[in-house]
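> Predicted model and sequence follow; I will ask about them next.
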Amino acid sequence: MGGGKAVQKRGRTQRRHFREGRENAWKYGTKKTRSDEGATVDDPNPNPNPNPSWEPFSTQNPGFEEYYKGQAIVPEEQWDEFISTLRKPLPAAFRINASGQFFKDIRLQLENEFTTSLDTEVNDYETEAIRPLPWYPDKLAWHLNFSRMQLRKNQTLERFHEFLKQENEVGTITRQEAVSMVPPLFLDVLPDHYILDLCAAPGSKTFQLLEIIHQSIKPGFLPDGLVIANDVDVQRCNLLIHQTKRMCSANLIVTNHEAQYFPSCLSTKDFTRDEHGELKKDILQFDRVLCDVPCSGDGTLRKAPDIWRKWNAGMGNGVHRLQVEIAMRGITLLKVGGRMVYSTCSMNPVENEAVVAEILRRSKGSVELLDVSYELPELVRRPGLRTWKVRDRGLWLATYEDVPISRRGVILPSMFPCDEICTSKFQSESLYENATLNNSEVKNNCSFESVDHCVTMDIDNDPKKLGNDVTLVHISKDAEIEDDCKVGASQNDLDETKAKVSSFSLEHCMRILPYDQNSGAFFIAVLHKISSLHDDSVKAVGQSNRRKQRTQRSTSPGLGSDDQPVVRSSIDIPQDDPGVVEAASAPGPTDKFPSVKDDQGAVETENIEAFDNGEDGNLETKQTKENLVTHGKWRGVDPVVFFRDENTINSIRSFYGISDVFPLDSHLVTRNCDANHVKRIYYISESVRDILELNFKVGQKLKITSLGLKVFERQASKDNSGTCTFRLSSEGLPLLLPYIGKQILSASLEDFRHLLQYRTIKFPDFVDADFRENASTLMPGCCVTVLKEKNKEIFQDDSSAIAIVCWKGKSNLSIMVSQLDAQELLERLQARFGGQRVSGPDESDASHGAAAELEVSGAQVAEPDFVE
Ligand SMILES: C[S@@+](CC[C@H](N)C(=O)[O-])C[C@H]1O[C@@H](n2cnc3c(N)ncnc32)[C@H](O)[C@@H]1O
């Protein structure tokens, strides 16, 4: 535990240093710093400071300039504009959460109130202070013509800053780099799509994907599709869980796998026939796959200027192979007819065009690169390159033949723009076998902090907040970065005529450059799977998968059913499915797992659940305990179990009068096998349930770290008589609201506001006599209060219905809404219905609140948020 605290403290100090350093970079602008002096082309940092985190960031790196000039990434005459834009701070951007109840109000507020007031106040800017991004649909994404630092420092922007902070925290907006919003838009997602986000953390694109599938779904209904968001890094998975929790989706599964080995889930046990008599395969394949792969991150230079100092050509080379493997796994898991987007926040052709070309080469006509020039026409982008070079240890290499033998394990044929046939010439296993960069080596070689091109919230100074600084752990590996620049003294005599031009139509790829629309840089390619992959297309990847599995088997004793021999069934298993494991010997659908108790007891379970809920206090406990569970199938992650305790389900249904139309059976899950000790119950959509059942059939190959929407939480009150043991959760309320028939009140605007303002109100203090009466005669315990709008009947399934979870005590009614959410709701009500701006109990003279007796106290009843 102590260790955990120390780590936390160190993390905070590091983050503070990082922020200070970053701000200095902008303070000093592009002025030379000491570390720039005497820098040569091949030595970007000749004067390494013993404490580099204190050094103001240099925005110079001659190696960088030479590399990208050499790659002709921009026309020569535009170079100065390109490089000077890279040295300027990145303007902030954010998205409005389109599935939020108040998204139209927020958009209106931006269009009217803020656009005008900011333009007037901030008069030293030539262009508009804020504007919607022209290429983002429905004015849902906005660009600020000032940086995050200016936002923090400028007094006239303070109110806007406060607005952004609050809205981001409650989840109505998400701060995200503009270019990072692009890839999901090219996926062409529909609400019934099964989507796999292979490298998903910290989750900004996952959030977008969820928004798209939830759009236009009526309250009380769920989309048919789902998103599986995967990331190899468990800590970053937790950021993703935190980030996407604000979306309140029952259609999300978060998994923790190396994307290149993302499991195949194919059950050969329960094959059924469809209406045409065809065998229906029970297999996990996706309509859409997003491969937003780890990369060198030099497209985020404007946001993370420390990359200037770290950048070298080896970073892109070092991550190329992993990128190809992840992309090929994505293609393999994609349904025929499906679409995959490959993207990076790097400008480097070795990480971009070279990877796309290798996908096309390996898939031998089964995959095509789409021309999407007609989509998002207002987004300025440049065509992909057809020719490029590779740089290794100070040498430019035009073709693979130029690679010294000693470097052939690191510099791969697929990094060059060779044609389709060059694969067979080069793709011998031995070459790839030699390239043994594993994930941790890759981590050391590339700047993972920059891959976080989502800015969760970095505009205030709270170190507990999530932001791009969270990934600082990956910085400071400079010493381990193979500095290619130090080896070769200067340019070699490259015979430019030898450089090949790719035979693929790589101009269909898109490169977004910073100076075109004052943004960061990004690379996007849209691929379409025309037919199943040929057997040997996946061979390279498949073989390495099996090699990997063999290694795992020999090193980790408790791999569970993943550890079964690979058995192919006689039934037609798609060829593009490496690592298929027949499910015959796996447990059938069940809600108990024999190994669970052995691996982790209930205590561990509860801790992980708590962590899942963003209760930071439990993080250390979880981490400490997790250390104990270092092996075994679950390795620190609790398995998911269906919650089928009929007594509890019936009592919940009856207490809240939940209509029979709303299915609870087989849609509720927990992470605790012991029904008597379950603390939280989650709701899963039909699509998620199907995947979960398939996962059971195949022996739980998917390592699920989170899924579902929290709908009920256990409570214990002073007086248990007649009260349901589970209360409603705020996250789940919008889904359940249309089906709730009991324990529901409708309040006038005045009483509703008072409740939000004072949090607890004694019955006689309510203004509306009917409300007073109804509230006092309700069963004690959890209940719902819906706002009764003037001249409007309450329609609970009306998407505009505003409701909150409350607690009915002996003599008062209290809200079970966090302070921040209450404040936000008060402001939304004020914006929508007018009236005075009121604030929560902290700022007011809480006479009602002070007088009220808080009967929901007793720490077990509510989360700290709800207990005053
Ligand atoms: C570019 S970031 C993804 C950003 C994310 N898509 C978003 O929009 O928020 C790349 C992610 O890949 C993850 N990663 C690195 N290697 C991986 C691997 N082998 N398999 C899966 N994820 C990996 C990193 O942990 C990192 O979170």
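Structure received. Being a predicted model, the structure only gives us computed values, none of them experimental.

> Show me what residue of the stretch 1-150 of the chain gets nearest to the ligand.
Taking CB to the nearest ligand atom as the measure, the stretch 1-150 of the chain has residue 95 as its residue closest to the ligand, at 11.7 Å. In short, each C-beta sits where N, CA and C put it, glycine included.

> That residue falls within a helix, correct?
No: assessed with DSSP: H, G, I helix; E, B strand; the rest coil, residue 95 is strand; it does not lie in a helix.

> does it have beta-bridge partners, and which?
Taking DSSP bridges, one obtains residue 141, residue 174 as the residues bridged to residue 95.

> Tell me which stretches of the stretch 701-850 of the chain form helices.
Secondary structure of the stretch 701-850 of the chain (DSSP state H, counting those that start in this stretch): helices located at 733-736, 749-758, 769-777, 819-833, 847-851.

> do you know which of those helices lies nearest the ligand?
Set against the ligand and scored by CB to the nearest ligand atom, the helices of the stretch 701-850 of the chain come closest in helix 819-833, at 23.2 Å.

> still on that earlier bit, who touches the residue of the stretch 1-150 of the chain closest to the ligand in this structure?
For residue 95, the contact set (CB atoms under 8 Å, 6 or more residues apart in numbering) comprises 136, 140, 141, 142, 173, 174, 176, 181, 208.

> ok, these vs residue 114, which is closest?
For the contacts of residue 95, the closest approach to residue 114 (CB to CB) belongs to residue 142, at 9.2 Å.

> Only the buried residues of whichever strand in the chain runs longest, if you could.
In the chain, ranked by residue count with DSSP state E as the criterion, the top strand is strand 334-344. Counting neighbours by 16 or more other CB atoms under 10 Å, one finds that the buried residues in strand 334-344 are 334, 335, 338, 339, 340, 341, 342, 343, 344.

> Now the two most distant members of the residues you listed.
Between any two of those (CB to CB), the greatest distance is 23.8 Å, for 335 and 344.

> ok, back up a step: could I get the average pLDDT for the longest strand of the chain?
When pLDDT is averaged over strand 334-344, the result is 97.

> After that strand, which helix or strand is next?
On the C-terminal side of strand 334-344, the nearest following helix or strand under DSSP states H and E is helix 353-363.

> and residue 321, how far is that from residue 343?
Relative to residue 343, residue 321 is positioned 18 Å away (CB to CB, to the nearest Å).

> my bad, residue 79
Taking CB to CB, one finds residue 79 at 25 Å from residue 343.

> How many residues are close by residue 208?
Around residue 208 there are 29 other residues, counting by other CB atoms under 10 Å.

> same question but for residue 156, I mixed them up
Neighbours around residue 156, by other CB under 10 Å: 15.

> for the one 10 residues further on, same thing?
Residue 166 is surrounded by 15 other residues when neighbours are defined as other CB under 10 Å.

> Can you tell me the SS state at residue 303?
Per three-state DSSP, the local secondary structure of residue 303 is coil.

> Please name the residues that touch the closest residue to it other than its chain neighbours.
On the basis of CB to CB, 6 or more residues apart in numbering, the spatially nearest residue to residue 303 that is not a chain neighbour turns out to be residue 90, at 4.6 Å. With contact set as CB under 8 Å, 6+ apart, residue 90 has these partners: 147, 177, 302, 303, 519, 520.

> redo that, cut-off 6 Å
302, 303, 520 (CB atoms under 6 Å, 6 or more residues apart in numbering).

> Residue 222 too?
If a contact means CB under 6 Å, 6+ apart, then residue 222 has 250, 685 as its contacts.

> Apply 8 Å and report the result again.
Residue 222 makes contact with 250, 251, 685, 686, 735 under the criterion CB under 8 Å, 6+ apart.

> any idea how far the first one lies from residue 700?
What it means is residue 250. When CB to CB is the yardstick, residue 250 and residue 700 sit 20 Å from each other.

> show me what contacts the spatially closest residue to residue 766 that is not a sequence neighbour?
For residue 766, ignoring the flanking residues on the chain, the nearest one in space by CB to CB, 6+ apart is residue 772 at 4.3 Å. By CB under 8 Å, 6+ apart, the contact set of residue 772 is 763, 764, 766.

> Among those residues, name the buried ones.
By the neighbour-count criterion of 16+ other CB under 10 Å, those include these buried positions: 763, 766.

> and the closest residue to residue 335 other than its chain neighbours, how many neighbours?
Taking CB to CB, 6+ apart as the measure, residue 335 lies nearest to residue 285, with 4.6 Å between them; neighbours along the chain are not counted. Per other CB under 10 Å, the neighbour tally for residue 285 reads 21.

> what's near enough to touch residue 285?
With contacts taken as CB under 8 Å, 6+ apart, residue 285 has the following neighbours: 194, 333, 334, 335, 338.

> Give me every residue in the chain lying close to the ligand.
Neighbours of the ligand within the chain, by CB under 6 Å from any ligand atom: 180, 199-205, 231-233, 236, 258-260, 292, 294, 322, 439, 451, 454.

> Give the PyMOL command for selecting the buried subset of the residues you listed.
One line in PyMOL is enough to select the buried ones among the residues of the chain next to the ligand; burial here means 16+ other CB under 10 Å:
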select buried, resi 180+199+200+201+202+203+204+205+231+232+233+236+258+259+260+292+294+322+451+454
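
> Filter the residues of the chain next to the ligand down to just the ones in helices.
204, 205, 236, 322, 439 (DSSP state H).
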